[in-house]
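Visitor: kindly return the folded structure for what I paste below:
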Amino acid sequence: MSRFDFTFQQDSEDNTGCGDRFPSRLKDHDQWLVTQDKKPVAPSKGWQKLVNLLTFTEARDKAEQLGGEVAFVFTESGPFIGFDLDDVKVDGEFTSEALGIVRLLDSYTEVSSSGAGLHVIAEGDHSDDHKHRGNLSEAGHLEVYDDGQYFVLTGDVYDGSTSVESRPTVVGEVQGDYLPECQKFSFTSQQKPVSEQEFDGEETDATPEQVRRTIRACVKHSEWDVDQEVLRLWQGSDEGRPSASEADMAFVKQLYYWCKGDQQLMDECFRASGRMRQKWDEVHSSDGATYGEMTIRKVCRTNSDTFGGGYVEKV
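Guide: Now for the predicted structure:
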């Protein structure tokens with residue numbers, strides 16, 4: 001028995017029948033969609049935009065019709081944050097570390113669909129100083145869900161924690177204690193490379209021109225599935241994107257991959273591209289962070305896949 005005296009309440013029904021067990025605070029927000037095998041089906045596209053999401057009643061009815069599951073979407077404008085404790089069961093019991101996090105957050109908690117994890121939803125913000133995901137010391141990992149992510153909810157309430165509570169201070173403390181810090185780096189305001197940095201990716205000495213030529217070479221090989229959009233974005237195109245800012249974000253996500261997580265090289269590539277404009281160096285945060293810094297930080301928190309090949313030779 002764990003040193004924390006929790007009880008486990010599990011509903012044998014599928015989650016389309018657990019609507020009464022979902023918190024009213026969540027049901028009051030029109031931030032729902034329907035999934036099948038955890039993939040969005042209603043809406044299947046455009047669900048990242050709040051205007052396309054469903055009311056809880058619409059999602060519940062659609063889930064029953066399709067034989068799917070309801071999911072709650074976290075948005076930038078919403079007050080909610082999700083904590084996903086995954087693979088935190090050992091010998092049939094949740095680890096004391098996982099239950100300690102649940103106890104600290106003291107908000108709506110449910111058992112995930114796998115039965116080996118826990119979801120906690122509270123009110124609070126993601127810390128810009130910490131990554132979204134970190135390994136736990138006993139077993140499993142902790143991941144924070146915020147803007148543009150969703151929980152497939154089960155309604156299998158754990159320890160009677162049925163209501164979403166406002167926990168801004170504790171939410172920050174849990175992230176500080178269990179998630180790794182983001183890479184520390186700084187940009188100059190004169191379009192120069194970063195002088196000092198720490199990052200998890202591979203340190204490179206490539207140039208922006210090498211990166212661009214490498215992408216072009218990969219695109220030419222039909223057996224490699226390379227998205228040609230990165231070259232259009234490099235040229236400054238916003239085609240297919242609602243705004244220049246969203247195109248910037250898409251481009252920086254691509255740069256993370258092609259630059260192997262090297263933040264300095266990502267900055268240099270952006271400055272060498274047709275997307276570079278004054279806004280990149282403008283301060284957009286109360287802590288003095290520029291638009292460019294904030295964009296790169298966000299991408300580095302949420303991406304991990306990087307290019308594993310070599311760059312073309314320098315000209």
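
Visitor: now the helices for the stretch 201-315 of the chain?
Guide: Using DSSP state H, counting those that start in this stretch, the helices of the stretch 201-315 of the chain run over 208-220, 229-235, 244-258, 263-272, 291-302.

Visitor: check contacts around residue 305.
Guide: residue 257 (CB atoms under 8 Å, 6 or more residues apart in numbering). The way it works is simple: take the backbone N, C-alpha and C, and place the C-beta from them, glycine included.

Visitor: okay, it: pLDDT?
Guide: You'll see residue 305 listed with a pLDDT of 85.

Visitor: return the most buried member of the helices of the stretch 201-315 of the chain.
Guide: helix 263-272 (a mean of 23; mean count of other CB atoms under 10 Å).

Visitor: other SSEs contacting that helix?
Guide: Judged by 3 or more CB pairs under 8 Å, 6 or more residues apart in numbering; DSSP states H and E, the packing partners of helix 263-272 are helix 208-220, helix 244-258, helix 291-302.

Visitor: mind saving the C-alpha coords of that helix as CSV?
Guide: The C-alpha trace of helix 263-272 is given here as CSV (Å, rounded to 0.1, in the frame of the first residue of the first chain):
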residue,chain,number,x,y,z
GLN,A,263,19.4,27.3,-31.4
GLN,A,264,22.2,29.6,-32.7
LEU,A,265,22.0,28.0,-36.1
MET,A,266,18.2,28.3,-36.1
ASP,A,267,18.5,32.0,-35.4
GLU,A,268,21.1,32.4,-38.2
CYS,A,269,18.9,30.6,-40.7
PHE,A,270,15.9,32.7,-39.9
ARG,A,271,17.9,35.9,-40.3
ALA,A,272,19.2,34.6,-43.6
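
Visitor: residue 156 and residue 112: what is the separation?
Guide: Going from residue 156 to residue 112 by CB to CB, to the nearest Å gives 8 Å.

Visitor: between these two, tell me which one has more neighbours.
Guide: It is residue 156, of residue 156 and residue 112, that has more neighbours when counted by other CB atoms under 10 Å, with 22 against 19.

Visitor: that one and residue 108 touch, don't they?
Guide: No. Using CB atoms under 8 Å, residue 156 makes no contact with residue 108, being 11.6 Å away.

Visitor: tell me the pLDDT at residue 48?
Guide: pLDDT, read off for residue 48, is 73.

Visitor: check residue 160 too.
Guide: 88.

Visitor: what helix or strand does it sit in?
Guide: According to DSSP states H and E, residue 160 maps onto no helix or strand at all.

Visitor: how far away is it from residue 102?
Guide: From residue 160 to residue 102 the distance is 12 Å (CB to CB).

Visitor: neighbour count winner among those two?
Guide: Shown here are residue 160 and residue 102; by other CB under 10 Å, residue 102 has more neighbours (23 against 10).

Visitor: can you tell me the closest non-neighbouring residue to residue 149?
Guide: Nearest residue to residue 149, sequence neighbours excluded (CB to CB, 6 or more residues apart in numbering): residue 74, at 5.4 Å.
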